[in-house]
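> only geometry, no sequence info:
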């Protein structure tokens, strides 16, 4: 039972580090963007519209827009995961004082984060114009 208390204490001590809160913030940001896009996507679902479960008046989606939405979701997930990985690499290189690799991972982290956010914002703009 002592090992469990030690593990919980170690986990709570991680909450005192700013790196932990940065990771939690990034995950929360990506989860929030995914939630916003998903709420719009559910409004366009043909079965929910047919059953009158959604209050939005959305146009019926074509196969091309459904495929674009699906591919966009996959690229959003990949770019969000790459962002988290680059942030982790940045923090590791910063601890090792590897300045060149630190700068490179920071640049790639910002780039992949911008790609993820732009995909999510593009989806939100698409759905807001698609649904009245």
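Everything's here; your move. None of these values were measured; they are calculated from a predicted model.

> which regions of the chain sit below the pLDDT cut-off?
45-58, 132 (pLDDT under 70).

> where exactly do the helices run in it?
2-14, 18-43, 46-50, 63-96, 99-130 (DSSP state H).

> Just put those in CSV and tack on mean neighbour count.
Using the backbone N, CA and C atoms, a C-beta is placed for each residue, glycine as well. Output for the helices of the chain, formatted as CSV (neighbours: other Cβ atoms under 10 Å):
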stretch, mean neighbour count
helix 2-14, 9
helix 18-43, 14
helix 46-50, 12
helix 63-96, 15
helix 99-130, 16
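
> ok, so what distance separates residue 109 from residue 17?
Here the criterion is Cβ to Cβ, to the nearest Å. By it, residue 109 lies 18 Å from residue 17.

> Residue 116 too?
24 Å.

> again, but for residue 60
From residue 60 to residue 17 the distance is 49 Å (Cβ to Cβ).

> The two - which one has more neighbours?
Using other Cβ atoms under 10 Å as the criterion, residue 60 and residue 17 rank with residue 17 on top: 11 against 8.

> give me phi/psi at the more buried one?
Backbone torsions of residue 17, given as degrees, to the nearest 10, read phi -90, psi 140.

> In contact with it, which residues?
The contact partners of residue 17, taken as Cβ atoms under 8 Å, 6 or more residues apart in numbering, number zero.

> Could you rerun that using 10 Å?
When contacts are counted by Cβ atoms under 10 Å, 6 or more residues apart in numbering, residue 17 touches 23, 91.

> if you skip the residues just before and after it, what's nearest to the one residue sitting closest to the centre of the chain?
Centroid-nearest residue in the chain, with Cα atoms, centre = their mean: residue 30, separated by 2.5 Å. Spatial nearest neighbour of residue 30, excluding adjacent residues (Cβ to Cβ, 6 or more residues apart in numbering): residue 80 at 4.4 Å.
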